[in-house]
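Engineer: sequence and predicted structure, then a few things I'm wondering about:
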Amino acid sequence: MYTLTQALHGRGDAGEPIPTVFKKLSELGIVIRQGQLHLIAAGPGTGKSAFALNLALGSGVPTFYFSADSDAFTQYVRTAARITGWTTGDVETAIHQERTEIIDAAVNQKAAIRWDFAASPDLDRIEQELAAYALIYGFPALVIIDNITNVNAPEMGEGHAALDELCGFFHELARKTESAVILLHHVTGPYNDGTNPIPLSGIKGQVGRVPEVILTLHRGGTEFEGYDLRVSNVKNRGGKADASGFTFARLTWQPERMLISD
């Protein structure tokens, strides 16, 4: 039992913001905080994994990335391209030619990320991996689950109620570890093409109750004028939000280099 002031001053890192990566998101009042649960939803191929990776690399904080949706080869190519500025095609060529020494050195130096590539991790595995990490480094500042529908939790049943329970589990995990937990998630059918703003109601399973912050992503621009990634702040327990999705930040998006920037 605590007074409110005792709880505030004894909270540890909970509530501390992850270093700002995108100024345009800060201008919308979007802050990723330790000890809180965040959800990022988008259609397939829109760039939600790239967005999460840019948050991790750009912030530079210790990160644990559960990459159920993408294998080690894919994540190496993405991470190497983002760090070196090479195209993903150039990185793949270097891998096939077995000439990755320079890339390996850059990735090892700049990526403060540890990875788990189980295709369907269960909740025990996730907790055990984080506990093992904590024994060596302390709990990470950032935990990314890519994505929530790949998590194996049959004890929580199926459908919307199960997704809601999963969000509850990860909300408690964020509180317990004082990590900023980010869940990547899908959207409903009408928004799968990724070209229109996605409202709060467009998130698959209607799992908007638990997370403190929910962002949806859609694409804009063309190959000739350049692409942008548009980030809508559809829920923000600590500030302004627009559940329609039509208030968004435009970020420059270079898919061939996995680079997202203001």
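Structural biologist: Cool, got the structure. Numbering: from 1, shown residues only.
Engineer: look up how far residue 232 lies from residue 206.
Structural biologist: Note on residue 206: its distance to residue 232, by C-beta to C-beta, to the nearest Å, is 17 Å. All C-beta spots, glycine's among them, are computed from the backbone N, C-alpha and C.
Engineer: these two - which one has more neighbours?
Structural biologist: residue 232 (28 against 13; other C-beta atoms under 10 Å).
Engineer: my guess is residue 173 contacts residue 140. True?
Structural biologist: No: the criterion here is C-beta atoms under 8 Å, and residue 173 misses it with residue 140 at 11.5 Å.
Engineer: between the two, which contacts overlap?
Structural biologist: Both residue 173 and residue 140 are in contact with 130, 179, where contact means C-beta atoms under 8 Å, 6 or more residues apart in numbering.
Engineer: quick one, which of the two is more surrounded?
Structural biologist: Per other C-beta under 10 Å, whichever of residue 173 and residue 140 has more neighbours is residue 140, with 25 against 19.
Engineer: residues contacting that one?
Structural biologist: 61-64, 114, 130, 133, 177, 179.
Engineer: and those, which two are furthest apart?
Structural biologist: Spatial extent of the contacts of residue 140 (C-beta to C-beta) is set by the pair 61 and 130 at 14.8 Å.
Engineer: got a quick PyMOL command for the buried subset of the contacts of residue 140?
Structural biologist: Selection command for PyMOL covering only the buried members of these, criterion 16 or more other C-beta atoms under 10 Å:
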select buried, resi 61+62+63+64+114+130+133+177+179
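Engineer: the contacts of residue 140 in strands, which ones?
Structural biologist: Those of these mapping onto strands are 63-64, 114, per DSSP state E.
Engineer: out of these, which is nearest to residue 154?
Structural biologist: Once C-beta to C-beta is applied, the member of those that ends up nearest residue 154 is residue 64, at 23.5 Å.
Engineer: next, the contact list for that closest one, please.
Structural biologist: 113-116, 129-130, 133, 140, 142-144, 179.
Engineer: is it bridged to anything, and to what?
Structural biologist: When bridges are called by DSSP bridges, residue 64 pairs up with residue 114, residue 143.
Engineer: now the helices for this protein?
Structural biologist: 4-9, 23-27, 48-59, 72-84, 88-96, 101-110, 123-137, 159-177 (DSSP state H).
Engineer: out of the ones you listed, nearest to residue 201?
Structural biologist: So among the helices of the chain, helix 159-177 is nearest, using C-beta to C-beta, at 12.8 Å.
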